[in-house]
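1. Starting from these lines, generate the structure:
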Amino acid sequence: MKGNPVRVNDTRNHYRFGTVDLMTEFTICESFAIIDSPYMTAVDNPRSYGVMVGERLGFKAGGRICEAGGGYGSLMGGLLERYAGQIDHVYMIDLSRALLERQRERLQAWSSRITFINGDITELAPTLSDIDCLIVNEVIGDLATLQDLDCTSLPVNVRDMVQRYDLDMPSAGTVHFNWGAIRLVEEICRRGIPVFLAEHASDPAIPDDMAFLHRGLDGYGYPREIRLAGHSEFTIRFSHLIKVARAWRRAIDGGSLIDLVGIRRSPKMRFVFMARAQATDEQALLYELLDHIREYRWLFIHG
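-> You can find the predicted model right below:
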């Protein structure tokens, strides 16, 4: 990185060498991993998160899918349970050997058509080929984020990227910058690989008919730190990723994960959120879900 030294949030050693327990953090994938999850009471059409994602992607016979940072294998497991007949081969890339083992266990029924790779997607992206779709779900917030940049004196490489893609930035003060996420999208677009991305957004796209979920959200719109067990991740400014994809002339689809999951619109949902109702286990689960999922966005960049 050229210019003045900057602090970089880098989680790679946490995943390579640390003890990773995804159950210490709230993830949409694990919340909807199984059909009898208690969170399924919040959706109109209960089905696993892998199926939810698959419905958005669509598959042709003989497809080759790659997932980076597949966690416990829940997304890919749900995807294969519904779409195995249309998927020829799967590549699972992960920094964590322990998580790769969990994925092997979860996906054992399809082991003959899965290749497990212990590696870093930011390093491997330039080598990807013959992939019909890359899935990067709840991962890009872990990629390198440059912290507390002085908006009036950006490092040369950041300034060049901002100018190249016409990325909006504050005119003063400090800002965090999703360097790793933007570089990954740039490389994927360069290679023409379709990609599905989902993550906490610093610029959420809350549906109009659930506008009450805006209450209490940070209106700053730029990445913020989320402190977790043993590491931090950062929210993603999706408008930056969209500008990069459009600069590479890629078609895009996207929106709120609320719509992708199919969260039920009902007076109960509004009441639970607005009243912070947690008098029952169901209310507590619904409030937790709504408070988290409102920040999530998804983006599909066509190849």
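
2. Tell me where the stretch 201-303 of the chain has helices.
-> Taking DSSP state H, counting those that start in this stretch as the test, the helices found in the stretch 201-303 of the chain are 238-247, 257-261, 267-274, 281-293.

3. Out of those helices, flag the one nearest V162.
-> Each of these was scored for nearness to V162 using CB to CB, and the closest is helix 238-247 (9.0 Å). For the C-beta atoms, the positions are set from N, CA and C on the backbone; glycine is no exception.

4. Relative to the whole chain's centre, how far out is that closest one?
-> In terms of CA atoms, centre = their mean, to the nearest Å, the centre of helix 238-247 is found 15 Å from the chain centre.

5. picking that back up, make CSV from the helices of the stretch 201-303 of the chain and add mean neighbour count and distance to Y91 to it.
-> Output for the helices of the stretch 201-303 of the chain, formatted as CSV (neighbours: other CB atoms under 10 Å; distance: least, CB to CB, whole Å):
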stretch, mean neighbour count, distance to Y91
helix 238-247, 21, 22
helix 257-261, 23, 23
helix 267-274, 16, 38
helix 281-293, 18, 28
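
6. Indicate which one of these is closest to V53.
-> Using CB to CB as the measure, helix 257-261 is the one of the helices of the stretch 201-303 of the chain that comes nearest V53, at 7.5 Å.

7. Residues in contact with that closest one: which ones?
-> Residues from elsewhere that reach helix 257-261, judged by CB atoms under 8 Å, 6 or more residues apart in numbering: 28, 32, 43, 49, 52-53, 56, 198, 206-207, 210, 213, 293-294, 296-298.

8. Now which of those would you call buried?
-> For the contacts of helix 257-261, a burial check counting by 16 or more other CB atoms under 10 Å picks out 28, 32, 43, 49, 52-53, 198, 206, 210, 213, 293-294, 296-298.

9. Need the helices of the stretch 201-303 of the chain in CSV (columns: mean pLDDT).
-> CSV is the format used below for those (pLDDT from 0 to 100):
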stretch, mean pLDDT
helix 238-247, 98
helix 257-261, 98
helix 267-274, 97
helix 281-293, 97
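
10. will you turn those helices into TSV that also has distance to T127?
-> Conversion of the helices of the stretch 201-303 of the chain to TSV gives the following (distance: least, CB to CB, whole Å):
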stretch	distance to T127
helix 238-247	20
helix 257-261	29
helix 267-274	44
helix 281-293	34
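
11. mind checking pLDDT for P38?
-> Each residue has a pLDDT score; the one for P38 is 96.

12. In contact with the closest residue to it other than its chain neighbours, which residues?
-> Distances taken as CB to CB, 6 or more residues apart in numbering place L285 nearest to P38, at 5.4 Å, with adjacent residues excluded. The neighbours of L285, taking CB under 8 Å, 6+ apart as the test, are P38, Y39, T41, A42.

13. For L285, give its distance to R265.
-> With distances defined as CB to CB, to the nearest Å, the gap from L285 to R265 amounts to 18 Å.

14. for R102, same thing?
-> 35 Å.

15. which of the two has more neighbours?
-> R102 (18 against 13; other CB atoms under 10 Å).

16. all strands of the stretch 51-200 of the chain, in order?
-> For the stretch 51-200 of the chain, the strands defined by DSSP state E, counting those that start in this stretch occupy 63-68, 87-94, 114-118, 133-137, 145-150, 174-177, 195-200.

17. taking the contacts of helix 257-261 one by one, which sit in strands?
-> With strands identified by DSSP state E, the entries of these that belong to them are A198, Y296, R297, W298.

18. Select from the contacts of L285 the one having the most neighbours.
-> Among the contacts of L285, the one with the most neighbours (other CB under 10 Å) is A42, at 25 neighbours.

19. how far away is that one from E25?
-> Applying CB to CB, one obtains 19 Å for the distance of A42 from E25.

20. and what of R164?
-> For R164, the distance to E25 under the criterion CB to CB works out to 34 Å.

21. Ok, P170 next?
-> Using CB to CB, we find P170 at a distance of 28 Å from E25.

22. Please apply the same query to R294.
-> Using CB to CB, which is the criterion applied here, R294 is 17 Å from E25.

23. Check W248 too.
-> Using CB to CB, one gets 32 Å for the distance from W248 to E25.

24. for Q283, same thing?
-> Applying CB to CB, one obtains 22 Å for the distance of Q283 from E25.

25. Quick one: residues contacting the residue nearest to F32 when sequence neighbours are not counted.
-> Excluding its sequence neighbours, the residue lying closest to F32 (CB to CB, 6+ apart) is Y49, at 4.0 Å. With CB under 8 Å, 6+ apart as the criterion, the residues that contact Y49 are I28, C29, S31, F32, A33, S74, L75, G78, V261.
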